[in-house]
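[1] Output the structure for:
(3 chains)
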Amino acid sequence: MPELPEVETIRRTLENRVKGSKIDRVLLYWNKSVEGWDGQKFEDIVEGQRIESLERRGKYLLITLDGGWSLVAHMRMTGRLVYFPEAQVPDKHTHVVFVLEAGELHFSDIRKFGRIKAVPTPDRLLHPSLKILGPEPLEEDFTVGYLVLALARKKVNLKTALLDQTVLAGLGNIYVDEALFLAGLSPERLANSLSPEEIEKLHKAIQTVLQAGIDAQGTSFRDYRDANGEKGSFQRELKVYGRAIEPCYTCGRPLERKRLGGRTTVFCSHCQN
DNA sequence: ACTAACCTGTAA
DNA sequence: TTACAGGTTAGT
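    From the prediction side, this is the model:
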């Protein structure tokens, strides 16, 4: 579910709610949602620690605690982190409850793919799956020059290349399709076949779409909610994702649906070349 | 470079 | 009943 704009929105809304507060207790309802580093028990690591800061890297949320540990969370498809000011009876999909000094933080996940792992704070970015991530698309190290180099060595189609988190951290199925539409590029194009002008358009489109997603507080196509339990609004601005067969807003022709890189891809074969 | 696996819910 | 869903990883 959450891609970069959604995780960033969770980070921001959560920061307002829980930064500085102490985690008194951890209640586990489904053990596989959490892992403790080196087999240490998750609850023992976390209980009694205060939340110092919240960061995001790609689609990962990093919650740093004051006792030398950090929580690395990934929501995968349907994970949510929602804050409640008052104690709440956990619903059937809530797998972890963090009881805070004031209020509770509930991790719920219908499909149970999401994970929260406790790691020593200095190692939080060295975790294998984080270490391999490409640059942050909205930071300065994501330059046109970088994208030129990164795409040059990919022998796959554009859709597959942009979903690859080692190329760029944080794009998922929604925002890749939207960025490619905005850039006027076909998802079927070979990643190493783009002209410098096309790469520049793509670079711009990726940043524009992600920033718009953040500004809209994410895309609530179905399950996504922020830390206040609120929906985002970017679903109202989607040009192609979820619109297969429907008319292209630019040319009126029906949008195409194809499976690329193992994911459903929607695009306009007339406007995207 | 594809596919299955991890899971549950919803819609066709 | 089957297909499919904002993701990642471990197998061919």
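
[2] contacts and neighbour counts: CA atoms only from here.
    Will do.

[3] Those residues of chain A touching DNA strand C, which are they?
    Proximity of chain A to DNA strand C, by C-alpha under 7 Å from any atom of the strand, involves residues A:1-3, A:6, A:59, A:76-78, A:113, A:128-129, A:163, A:165, A:170-174, A:219-224, A:263-264.

[4] Show the buried residues in the residues you listed.
    Buried positions within these, assessed by neighbour count (16 or more other C-alpha atoms under 10 Å), are A:1-3, A:6, A:59, A:76-78, A:163, A:165, A:170-174, A:219-221, A:224.

[5] Which ones among those map onto helices?
    A:6, A:163, A:173, A:174 (DSSP state H).

[6] was I right about the first one contacting residue A:226?
    So the one you mean is residue A:6. Yes: using C-alpha atoms under 8 Å, residue A:6 is in contact with residue A:226, at 7.4 Å.

[7] on that earlier part again, run through the residues of chain A next to DNA strand C and flag the ones next to DNA strand B.
    Applying C-alpha under 7 Å from any atom of the strand to those, those adjacent to DNA strand B are residue A:113.

[8] Could you name every residue contacting both of residue A:6 and residue A:226?
    Common neighbours of residue A:6 and residue A:226, counting by C-alpha atoms under 8 Å, 6 or more residues apart in numbering, are residue A:217.

[9] count of residues packed around residue A:112?
    As a burial measure, residue A:112 scores 18 neighbours (other C-alpha atoms under 10 Å).

[10] thought it was touching residue A:79?
    Yes: between residue A:112 and residue A:79 there is a contact under C-alpha under 8 Å: 7.5 Å.

[11] For the longest helix belonging to chain A, give me every contacting residue.
    Longest helix in chain A by number of residues, with DSSP H as the criterion: helix A:196-215. Under the criterion C-alpha under 8 Å, 6+ apart, residues A:4-6, A:8-9, A:137-138, A:143-144, A:147-148, A:175-176, A:178-180, A:182-183, A:185, A:219, A:234 lie in contact with helix A:196-215.

[12] for stretch A:13-25, same thing?
    By C-alpha under 8 Å, 6+ apart, the residues outside stretch A:13-25 that reach it are A:43, A:46-54, A:82-83, A:98-102, A:226-228.

[13] and that stretch, how far apart are its ends?
    22 Å (C-alpha to C-alpha, to the nearest Å).

[14] List the buried residues for that stretch?
    So, applying 16+ other C-alpha under 10 Å, buried residues of stretch A:13-25: A:13, A:14, A:15, A:17, A:18, A:19, A:21, A:22, A:23, A:24, A:25.

[15] element containing the second one, please.
    Of the helices and strands defined by DSSP states H and E, residue A:14 is found in helix A:4-18.

[16] what's the following helix or strand after that helix?
    Scanning forward in sequence from helix A:4-18 by DSSP H and E, the next helix or strand is strand A:23-28.

[17] partners of the next helix or strand after that next one, with directions?
    Remark: after strand A:23-28, the chain's next helix or strand is strand A:34-36, criterion DSSP H and E. Partners of strand A:34-36 in the sheet, by DSSP bridges, are strand A:115-120 (parallel).

[18] so for the strand it pairs with, what's the average pLDDT?
    For strand A:115-120, mean pLDDT is 96.

[19] Tell me the buried residues in that strand?
    When neighbours are counted by 16+ other C-alpha under 10 Å, the buried residues of strand A:115-120 are found to be A:115, A:116, A:117, A:118, A:119, A:120.
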